[in-house]
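Engineer: Whatever this is, show me its structure:
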Amino acid sequence: MICVGDISFFISCVSLTLASMEPRFMDVTQWTRPAVLGMAGYAPGEQPQAAERVIKLNTNENPYAPPQAVLDAMGAALGDALRLYPEPDSRSVREAAARAYGHGLQPQQVVAGNGSDDLLTIILRTFVDPGETVAALDPTYTLYEPLVTLQGGRYASAPWREDGGLPVDELAGLRAKVIFVTRPNAPTGHVCALSEVVELCTKTQAHGVVVLDEAYGDFADDHGLGLLPDCPNLIVTRSFSKSMCLAGARIGLGFMSVAIAEQMHKVRDSYNLDRVAQVAATAALDNLDAYAPLIAKIKSERARLTAALRQRGFDAPESQANFVLAKIPAGALDGRGWLAALRQKGILVRYFGHDPRLSDKLRITVGAPHENDALLAAVDGILVG
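Structural biologist: Predicted coordinates:
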C-alpha cells in the first residue's frame, strides 16, 4: 500500500531531478571575442512573413522572375544528384562567366562565392592581417565595416567628393591593404568615373588591392571588367541578387588576375556554392540575352519613378542602380515618420536613420509598374494627410 508520504517524497525527487537538468545561465561574453562584443553587426532590411501582404521596395530585389531557362535548369537539378557534393571550385560557373562576359577573361580569373558578400569575406581573409587598414567611401555599403572588424582590421573611410567623384589622393594616402569602391554606390545610386578607378589602382599598387563592388553594375551605363588587364591589383565583384533575379540562391562572382584568384581559392570555404546555385548561375550566364529586357524595364521604371517623386516634392537625384534615394519633402513627417506611414499602407522602403546625412531620405527599390503605382498612391495619401 502506497501512503501519501511516499507520493510526496517521490514528487520531491522528480522535481529535484528535473531542476538539475535545466540549463544554468552562463555568461558567454567571457568567451566572446572583444571585437564581436564591441560591434553592432549588419542590420538587413525588413523581411516580412510569407503570409503578410506587403509590397517590398526595401531590399533592392528584382521584381521579375528569372528567365524560364534558369528555372527549368534549377528544377532539373532537384533530383538524385543532390546527395552528392557540388563542384568544389564551381568550375562550370567560372567557365560560363568567362564565356559570357568576354574582355578576354579566363576561367582562372574568376572566383565564385555564396553571394558577393562571401567574396568580400574571402578578400579580407586573403589580404588583411589584424591591425591592418581597410578603406571605403562614406557613405557606402554598411556591411564593409563589420566584416573588417571580424577580420581584426582597422576600418577607415573617406567622404565622396562634392561632385560624387573618388577622393583618389585621400584614399591612396590611407595606405590600406584593401579599398572598397561601390559602383553604383549604395545607398546613393551614383557612379564615379572609371578613369578615377584606374587612377586609384595605379596609386595603390604598392600596398594593396582595390575592390570594385558592382552589385548594381548591370543597371549602370558602363562597368569595370574592361579595366582588369591594365589594373593588376583590381578585383571586380558581381552579384546575382539584383539584375539576375536570384537573391534567394546566393550567388556572386569575383573577377581578377590569375595570381590573386590563386590566393583567394586557398581561403574560401569548401563547396561554397551549392549544386542548385551552380546550375542556376551557369544557366543565367548562358542566357544573358534573356535578362536584357528585364533590365531595360527596370531602367524605364526608374526614370518614371524618379520623375514622379520629384513632382511630389521629393529631391531624387539620378540613380544608376535599381533604387532611388529620395529626400523627403518638408512637412509634418520626418524620415522615420514616412517609413512608418508607408509601412501602415503596406509599402516597405529602407530608412538609414543612424546616419544624420541620410535621416531625411528614403531608399526606394524600383519595383514593377504596379508596385511603383501603389507606392505613388500611398505617397499621395500621406501628402494630403
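
Engineer: Retrieve the pLDDT associated with Ile179.
Structural biologist: The per-residue pLDDT reported for Ile179 equals 99.

Engineer: In the stretch 151-300 of the chain, mark out all the helices, start to finish.
Structural biologist: 168-173, 194-204, 258-267, 275-286, 288-311 (DSSP state H, counting those that start in this stretch).

Engineer: so the fourth one versus helix 288-311, what angle?
Structural biologist: Right, helix 275-286. 80 degrees (axes from the mean of the first three to the mean of the last three C-alpha atoms, to 10 degrees).

Engineer: what do you get for the second one?
Structural biologist: Taking the same axes, to 10 degrees, helix 194-204 and helix 288-311 form an angle of 110 degrees between their directions.

Engineer: for the third one, same thing?
Structural biologist: Angular relation of helix 258-267 and helix 288-311 on a 0 to 180 degree scale: 90 degrees, by the same axes, to 10 degrees.

Engineer: Tell me where the stretch 1-150 of the chain has helices.
Structural biologist: Going by DSSP H, counting those that start in this stretch, the stretch 1-150 of the chain shows helices at 4-21, 34-37, 68-77, 91-101, 116-127, 144-151.

Engineer: mean pLDDT for these: which is lowest?
Structural biologist: helix 4-21 (a mean of 52).

Engineer: neighbouring contacts of stretch 219-234?
Structural biologist: Contacts to stretch 219-234, defined as C-beta atoms under 8 Å, 6 or more residues apart in numbering, come from residues 101, 103-105, 109, 183-184, 191, 194, 197-198, 201-202, 204-205, 208-210, 212, 214, 217, 236, 242-243, 255-257, 259-260, 295, 298-299, 302, 320-322. Any C-beta I mention is one placed from the backbone N, CA and C, and that applies to glycine too.

Engineer: how about a cut-off of 6 Å?
Structural biologist: For stretch 219-234, contacts defined as C-beta atoms under 6 Å, 6 or more residues apart in numbering pick out 101, 103, 184, 191, 194, 198, 201, 205, 209-210, 212, 214, 217, 236, 255, 257, 320-322.

Engineer: How about stretch 274-293?
Structural biologist: So stretch 274-293 is in contact with 67, 69-70, 73-74, 77, 86, 90, 92-93, 96-97, 100, 244, 246, 249, 251, going by C-beta under 6 Å, 6+ apart.

Engineer: Let's see that with 7 Å instead.
Structural biologist: If you take C-beta atoms under 7 Å, 6 or more residues apart in numbering as the criterion, stretch 274-293 is touched by 66-67, 69-70, 73-74, 77-78, 81-82, 86-87, 90, 92-93, 96-97, 100, 240, 243-244, 246, 249-251.
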